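Asker: the amino acid sequence is not available; the structure is as follows:
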């Protein structure tokens, strides 16, 4: 569950409004696209979700946690309950696939037995059982993104934030990642995906929120780009 209530985010001592009085609700298990032109406020929106940024005013609530009130010392614990996937994968190059995923469990003190069981289970979900001992440079872009998704899922998060997850991928790999994200959503994880891929949004239709100049200009439950909106 994600709830924005009258959220405004300003930079440069109030001279730049990245978000302007935004209010919305995203329910459990929803798959939501965030679209809009460069500089519209999309990146700020997701940074507020994983608490890299804090709202100037208003409240951001994720799975019962009010991010407008949470202390900075509690942010690392909050982030364990969400998953984040980036366009550039952010894998550790000197660790194997297994080790990259396991690292997220090691930092919270899980036992080796539990780690092995959970990592092997998540590798099966993303279809990489045979790549556990491979290093990132030995994988295709699509496979690396699957590892990043597996790592984001390993702590069973209620929310997954995907920032341009198909931006560096070829069309076939992009389709595979989209199908995987849809499967994850069906299992009850809320997916919030920022994308510029018009074809992807129109093919895999889900609720689509358009941000322009810091405002929500369109919120379409049926999905797809609104033809009356600017083409980006």
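Answerer: Perfect, thanks for sending it. A quick note: this is a predicted structure, and the numbers were derived from the prediction, not measured. Numbering: from 1, shown residues only.

Asker: report the central residue of this protein.
Answerer: By Cα atoms, centre = their mean, the mean C-alpha position of the chain lies nearest to residue 161, the distance being 1.3 Å.

Asker: quick one: what helix or strand has that residue in it?
Answerer: Counting by DSSP states H and E, the secondary-structure element that holds residue 161 is strand 159-163.

Asker: check which helix or strand covers the closest residue to residue 47 other than its chain neighbours.
Answerer: The shortest distance from residue 47 to any non-neighbouring residue, by Cβ to Cβ, 6 or more residues apart in numbering, is to residue 53 (4.2 Å). Heads up, the C-betas are built off the backbone N, CA and C, glycines and all. When elements are assigned from DSSP H and E, residue 53 belongs to no helix and no strand.

Asker: if I look at residue 53, how far off is residue 8?
Answerer: 12 Å (Cβ to Cβ, to the nearest Å).

Asker: neighbour count: the two, which is higher?
Answerer: residue 53 (19 against 16; other Cβ atoms under 10 Å).

Asker: got the contact list for that one?
Answerer: 9, 44, 47 (Cβ atoms under 8 Å, 6 or more residues apart in numbering).

Asker: now do stretch 105-123, average pLDDT.
Answerer: Here stretch 105-123 scores 94 as its mean pLDDT.

Asker: ok, and what's touching that stretch?
Answerer: Looking at what lies outside stretch 105-123 - Cβ under 8 Å, 6+ apart - the contacts are 80, 97, 98, 101, 102, 129, 131, 132, 150, 153, 154, 155.

Asker: now distance to residue 176, pLDDT and secondary structure too, for those, in TSV please.
Answerer: Output for these, formatted as TSV (distance: Cβ to Cβ, whole Å; pLDDT from 0 to 100; DSSP: H, G, I helix; E, B strand; the rest coil):
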residue	distance to residue 176	pLDDT	secondary structure
80	27	89	coil
97	16	97	helix
98	21	97	helix
101	18	96	helix
102	23	96	helix
129	15	94	helix
131	14	97	helix
132	19	97	coil
150	14	96	helix
153	16	94	helix
154	20	94	coil
155	23	91	coil
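
Asker: now which of those residues would you call buried?
Answerer: The neighbour-count criterion (16 or more other Cβ atoms under 10 Å) marks 97, 98, 101, 102, 131, 150, 153, 154, 155 among the contacts of stretch 105-123 as buried.

Asker: now, the most widely separated pair of the residues you listed?
Answerer: 131 and 155 (20.7 Å; Cβ to Cβ).

Asker: all helices of the protein, in order?
Answerer: 42-49, 75-79, 97-106, 112-125, 141-153, 171-186, 198-203 (DSSP state H).
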